[in-house]
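In: output the structure for:
(one chain, ligands or ions: 1)
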Amino acid sequence: MNTRREFLHKATLSSLAVSLPFSDSLAAFNSVQEDKVLRVAIMGLGSYGTRVAEAMKDCKRAKLVGVVSGTPSKIAAWQEKYGIPSKNCYNYENFDQIKDNPDIDAVYVITPNSLHKPYSIRVAKAGKHVICEKPMALNAEEAKEMVEVCKAAGVHLLVGYRMHFEAKTLEIVQRQRAGEFGKTLFFQGLSGFIIGDPSQWRLNKELAGGGAMMDIGIYSINGARYMLGEEPIWVTAQEVKTDPVKFKEGVDETITFQMGFPSGAVASCLSTYSLNNLDKFFLNGTKGFAEMQPSTGYGPIKAWTNKGPVDAEHITHQTTQMDEMAAILLDGKKSIIPVDGEEGWKDMVIVDAIYKAVKTGEKVKLG
Ligand code: NDP
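Out: Prediction:
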């Protein structure tokens, strides 16, 4: 996939091996590995794609080298701004040709939700690694298909879970795993914001696949899983709709949901498009608690426990995410909280269960 670079890389290593003692050549090997850079094309040059592109300016291991867009004027502007050569620019009709481009390693799909599956599958079939935004698909079945296609194509599939690399989140997760809070039996996740323009794709069932749950509620689902370190075995959920004109059939405005875990822990969560300042995680255990507010916004994240504030440097989330994803894809690094397709699929199984629980009013069993 990367022949010239690999050749140069190997040539550098063999010349190092003959001229340096073992420990020096090992150190040099490691630094050459470190220098390998993930060359990324962003697909969908919208609001979040722009945020990722800006954050990537500070990356050490990942570089924006290409674009896929349906808007020629955006392509021209991005070429100018980020120095992207014309040979690395594609649209939605021709991007399968990326298979013949040795200068792109991965494509980051940042389009409306319903396009994640078809576009990710085309990227995989073009032999490139896929990074896909959340929610990775419209449902668990689609997510599973994406995982299988990527596996068959021999490429990695990662989901854009930026919080999985955020320093304060990781500090709390590690303390929970080490038992600092005792037996953690309760998680509360509150995720919401007031959505504006009623004509946007986020309020269109076909493009969004749902409403607030697909967009912001998924943070509470995912947060419950990584903060408790367990997978839920049941879900209950209730929907409230105050504005059926703005939030049409199949587009959820507000859902409260509860999850039960094998240890006996429970999670109580709220997902809404009708309240601001709703971005909070609370974890309670037999020996202590952790609280985060804001917990999943762009930061800085604020976190504290019963022992006091949790301190960690704020780094732009997407900068850390892309550097860490480069390490996963180039060096095989394992992240503390997974970001692979399987992880995204687990969230989609729960989303499906929540929608089912809303519809039936029943407790939905998982696993
Ligand atoms: P935007 O509407 O701002 O951008 C989406 C872009 O997708 C468009 O600008 C367009 O780019 C492209 N696109 C392709 N087909 C369509 C279509 N039919 N309708 C509209 N746009 C289309 O959305 P966001 O950038 O806010 O969200 C994109 C994805 O990123 C979503 O899945 C969302 O959930 C996720 N996201 C993740 C966040 C995170 O923190 N992880 C935060 C925000 C969003 P072009 O003109 O170049 O083709």
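In: up against the ligand, what does this structure have?
Out: By Cβ under 6 Å from any ligand atom, the residues of the chain that approach the ligand are 44-49, 69-71, 74, 110-113, 115, 133-134, 160, 162, 201, 207, 215. No exception for glycine: its C-beta is placed from N, CA and C like everyone else's.
In: try 5 Å this time
Out: Counting by Cβ under 5 Å from any ligand atom, the positions of the chain adjacent to the ligand are 44-48, 69-71, 74, 110-113, 133, 160, 201.
In: which helix or strand contains residue 107?
Out: strand 106-109 (DSSP states H and E).
In: show me which residues of that strand are buried.
Out: Buried residues in strand 106-109, counted by 16 or more other Cβ atoms under 10 Å: 106-109.
In: what pairs with that strand, and is each one parallel or antiparallel?
Out: Next to strand 106-109 in the sheet, as set by DSSP bridges, lie strand 38-43 (parallel), strand 129-132 (parallel).
In: wait, which of these is closest to residue 64?
Out: strand 38-43 (5.7 Å; Cβ to Cβ).
In: skip ahead from the closest one and say which helix or strand is next.
Out: Assigned by DSSP H and E, the successor of strand 38-43 is helix 47-56.
In: mind saving the C-alpha coords of that following helix as PDB?
Out: Written as PDB, here are the backbone C-alpha positions of helix 47-56 (Å, rounded to 0.1, in the frame of the first residue of the first chain):
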ATOM      1  CA  SER A  47     -18.500  21.800  10.500                       C
ATOM      2  CA  TYR A  48     -16.900  18.800  12.200                       C
ATOM      3  CA  GLY A  49     -14.600  18.000   9.300                       C
ATOM      4  CA  THR A  50     -13.300  21.500   9.500                       C
ATOM      5  CA  ARG A  51     -12.700  21.200  13.300                       C
ATOM      6  CA  VAL A  52     -10.700  17.900  12.700                       C
ATOM      7  CA  ALA A  53      -8.700  19.500   9.900                       C
ATOM      8  CA  GLU A  54      -7.800  22.500  12.100                       C
ATOM      9  CA  ALA A  55      -6.800  20.200  15.000                       C
ATOM     10  CA  MET A  56      -4.700  18.000  12.700                       C
END
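In: let me know the angle separating that helix from strand 38-43.
Out: On the basis of axes from the mean of the first three to the mean of the last three Cα atoms, to 10 degrees, helix 47-56 is oriented at 160 degrees to strand 38-43.
In: helices or strands next to helix 47-56 in the packing?
Out: strand 38-43, strand 62-68, helix 317-331 (3 or more Cβ pairs under 8 Å, 6 or more residues apart in numbering; DSSP states H and E).
In: pull the residues that contact it.
Out: By Cβ atoms under 8 Å, 6 or more residues apart in numbering, the residues outside helix 47-56 that reach it are 40, 42-43, 45, 62-64, 78, 82, 108, 110, 133, 298, 316-319, 321-322.
In: flag every buried residue along it.
Out: 48-50, 52-53, 55-56.
In: tell me how far the closest residue to residue 153 other than its chain neighbours lies from the ligand.
Out: Spatial nearest neighbour of residue 153, chain neighbours left out: residue 124 (4.2 Å); criterion: Cβ to Cβ, 6 or more residues apart in numbering. In this structure, residue 124 and the ligand are 18 Å apart, going by Cβ to the nearest ligand atom, to the nearest Å.
In: residues contacting residue 124?
Out: Counting by Cβ under 8 Å, 6+ apart, the residues that residue 124 touches are 130, 146, 149-150, 153, 155, 157.
In: and the average pLDDT for the longest helix seen in the chain is what?
Out: Longest helix in the chain, counting residues (DSSP state H): helix 341-360. Average pLDDT, helix 341-360: 98.
In: flag every buried residue along that helix.
Out: Counting neighbours by 16+ other Cβ under 10 Å, helix 341-360 gives 341, 343-355, 357-358 as buried.
In: do stretch 174-192 as well
Out: Result for stretch 174-192 [16+ other Cβ under 10 Å]: buried residues 175-176, 180-181, 184-185, 187-192.
In: pLDDT value on residue 74, please?
Out: 98.
In: can you give me the neighbour number for the residue nearest to it when sequence neighbours are not counted?
Out: Leaving aside its chain neighbours, residue 74 sits nearest to residue 45 (4.4 Å; criterion: Cβ to Cβ, 6+ apart). Residue 45 has 21 neighbours, counted by other Cβ atoms under 10 Å.
In: phi, psi of residue 45?
Out: Per-residue torsions, residue 45: phi -90, psi 60 (degrees, to the nearest 10).
In: was I right about residue 292 contacting residue 171?
Out: No. Between residue 292 and residue 171 no contact is recorded; they are 10.4 Å apart, counting by Cβ atoms under 8 Å.
In: so between these two, which is more surrounded?
Out: residue 292 (25 against 16).
In: how much space between the more buried one and the ligand?
Out: In terms of Cβ to the nearest ligand atom, residue 292 sits 16 Å off from the ligand.
In: number of nearby residues for the closest residue to the ligand within the stretch 1-150 of the chain?
Out: Going by Cβ to the nearest ligand atom, the ligand is nearest to residue 46 of the stretch 1-150 of the chain, at 1.7 Å. If you count neighbours by other Cβ under 10 Å, residue 46 ends up with 15.
In: same thing with residue 286?
Out: Neighbours of residue 286 (other Cβ under 10 Å): 10.
In: and it, its phi and psi?
Out: phi -70, psi -20.
In: is it true that it touches residue 186?
Out: No. Using Cβ under 8 Å, residue 286 is not in contact with residue 186; the gap is 10.3 Å.
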